[in-house]
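1. Turn this into a model:
(one chain, ligands or ions: 1)
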Amino acid sequence: MKKILVTGSLGQIGSELVGKLREVYGTDEVIATDIRRDESNIACTGGPFEILDVTDPKMMAEIVQKHNPDTLIHLAALLSAVAEAKPQLAWTINMGGLVNALELAREKNLHFFTPSSIGAFGPSTPKVNTPQDTLQRPATMYGVTKVSGELLCDYYFKKYGVDTRGVRFPGLISNVALPGGGTTDYAVDIYYEALKNHSYTSFIQEGTYMDMMYMPDALNAIIQLMEADPARLIHRNAFNISAMSFAPEHVAAEIKKHIPDFTMHYNVDPVRQAIADSWPDSIDVTSAREEWGFKADYDLAKMTTDMLEKLRIKLNIKD
Ligand code: NAD
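-> Numbers count the residues shown, from 1 in each chain. Below you'll find the predicted structure:
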């Protein structure tokens, strides 16, 4: 990667990825884009930024023409809970945007990255140690767009030789931008509420295991996969990656070690619980490890310590 254009840059991932890419590849070599502007977001103000609606192929082509990147990192999408509330719009943005981005990658010979998700699995997928290659019949519109996207990225590689690469992200936990309406958002919200109110009401039921990862590991994974020797890649897209698998009570127990009077309550949201129940408990990351050396540094304990430390400063909480 030398010059990188990022779509959906002001979301949970982009807000941190753009900064990290600018550190590694140079400020002017990373063009952040999003459908909206946000002057409080460093991805918007810390270097080149363009307004880009990914459903508009002409606009995307003009911006690529103007900046001439060699890599396109396509993040713009609606997340699981939002996509379930607006399924038609989710199809338009998630699939329409992806087709536009892939077409540009084909025409301009760009290296291409887009994330899939554990949401690409469904109720009939093996739930424990979910294999890299397995049954995928997702029951949500988010899942439908993600599994279609995985197939389409494979197709563009096989048919046109486009250098498509991607991972299936688990729930991502970060202390910079708030999550954009996913099923695993509770695992971010809980840290804010623990610090502010010493209490959290989870919309996901006790005992519901899902895969998770701390944002620094997610950013490293993107860069590592994009820089990996293509000769080693047996898969190209949708690598299973994860750092930990836990249920809400496990985060609560970890937080209690730092905030002893923290209490956990449950008020389950049936929509997001149904989505969570259709996803794996834990996924197998062997292919990512073997083909490009994936490794996560943060487990639940290390992540909790870091989250609380960073958020205490961000929220200006002294006790
Ligand atoms: P997010 O919802 O936080 O951010 C998405 C960004 O896309 C927003 O800034 C939004 O303004 C922008 N956007 C929406 N519609 C757009 C359009 N038409 N044109 C251009 N931009 C538009 O999402 P995120 O968490 O940063 O996720 C990025 C990608 O990673 C998505 O493909 C998502 O499915 C995937 N992913 C995320 C997670 C996670 O836990 N965050 C997990 C698995 C996969």
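
2. Report the closest residue of the stretch 1-150 of the chain relative to the ligand.
-> residue 11 (1.8 Å; Cβ to the nearest ligand atom). Where C-beta positions appear, they are placed from N, C-alpha and C, glycine not excepted.

3. Would you agree residue 6 falls within a helix?
-> No: judged by DSSP: H, G, I helix; E, B strand; the rest coil, residue 6 forms no part of a helix; its state is strand.

4. is it true that it touches residue 33?
-> Yes: under the criterion of Cβ atoms under 8 Å, residue 6 makes contact with residue 33 at 6.5 Å.

5. Assign the closest residue to the residue of the stretch 1-150 of the chain closest to the ligand other than its chain neighbours to helix, strand or coil.
-> Nearest residue to residue 11 in three dimensions, chain neighbours excluded: residue 180, at 5.2 Å (Cβ to Cβ, 6 or more residues apart in numbering). Of the three states, residue 180 takes coil according to three-state DSSP.

6. mind listing what residue 180 touches?
-> By Cβ atoms under 8 Å, 6 or more residues apart in numbering, the contact list for residue 180 reads 11, 12, 78, 79, 82.

7. burial measure for the closest residue to residue 126 other than its chain neighbours, as a count.
-> Setting aside the residues directly before and after it, residue 126 is nearest to residue 134 in space (Cβ to Cβ, 6+ apart), at 6.0 Å. For residue 134, the count of nearby residues is 14 (other Cβ atoms under 10 Å).

8. do the same with residue 15
-> 22.

9. same deal with residue 230?
-> The burial count for residue 230: 11, using other Cβ under 10 Å.

10. what does the one 10 residues further on give?
-> A count of neighbours around residue 240, defined by other Cβ under 10 Å, yields 29.

11. Equivalent analysis for residue 111, please.
-> 20.

12. in the sheet, who's paired with it?
-> residue 71 (DSSP bridges).

13. Got the confidence number for it?
-> We note a pLDDT of 98 for residue 111 in this prediction.

14. next one: the one 5 residues further on
-> For residue 116, the model assigns a pLDDT of 98.

15. cool, and residue 179?
-> For residue 179, pLDDT reads 88.

16. That one: how many residues sit nearby?
-> Count around residue 179 with other Cβ under 10 Å applied: 21.

17. nearest residue to it other than its sequence neighbours?
-> Spatial nearest neighbour of residue 179, chain neighbours left out: residue 185 (4.3 Å); criterion: Cβ to Cβ, 6+ apart.

18. what do you get for residue 175?
-> Per Cβ to Cβ, 6+ apart, closest to residue 175 is residue 310, 4.3 Å.

19. Where does that neighbour fall, secondary structure wise?
-> helix 300-314 (DSSP states H and E).

20. Which neighbouring elements make contact with that helix?
-> Packing partners of helix 300-314 (3 or more Cβ pairs under 8 Å, 6 or more residues apart in numbering; DSSP states H and E): helix 186-197, strand 210-214, strand 244-246, helix 248-256.

21. so of those, which one's packed in deepest?
-> Mean neighbour count (mean count of other Cβ atoms under 10 Å) peaks for strand 210-214 among the helices and strands packed on helix 300-314, with a mean of 24.

22. Given that strand, what are its sheet partners and their directions?
-> With DSSP bridges as the test, strand 210-214 pairs up with strand 171-173 (parallel), strand 244-246 (antiparallel).

23. Now tabulate the ones you listed in JSON lines and tack on distance to the ligand and mean pLDDT.
-> Converted to JSON lines, the strands paired with strand 210-214 look like this (distance: least, Cβ to the nearest ligand atom, whole Å; pLDDT from 0 to 100):
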{"stretch": "strand 171-173", "distance to the ligand": "4", "mean pLDDT": "97"}
{"stretch": "strand 244-246", "distance to the ligand": "13", "mean pLDDT": "97"}
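
24. Residue 162 is in contact with residue 154, isn't it?
-> No: using Cβ under 8 Å as the test, residue 162 is too far from residue 154 to be in contact (10.3 Å).

25. the more surrounded of these two?
-> A side-by-side neighbour count of residue 162 and residue 154, using other Cβ under 10 Å, places residue 162 first with 24 against 16.
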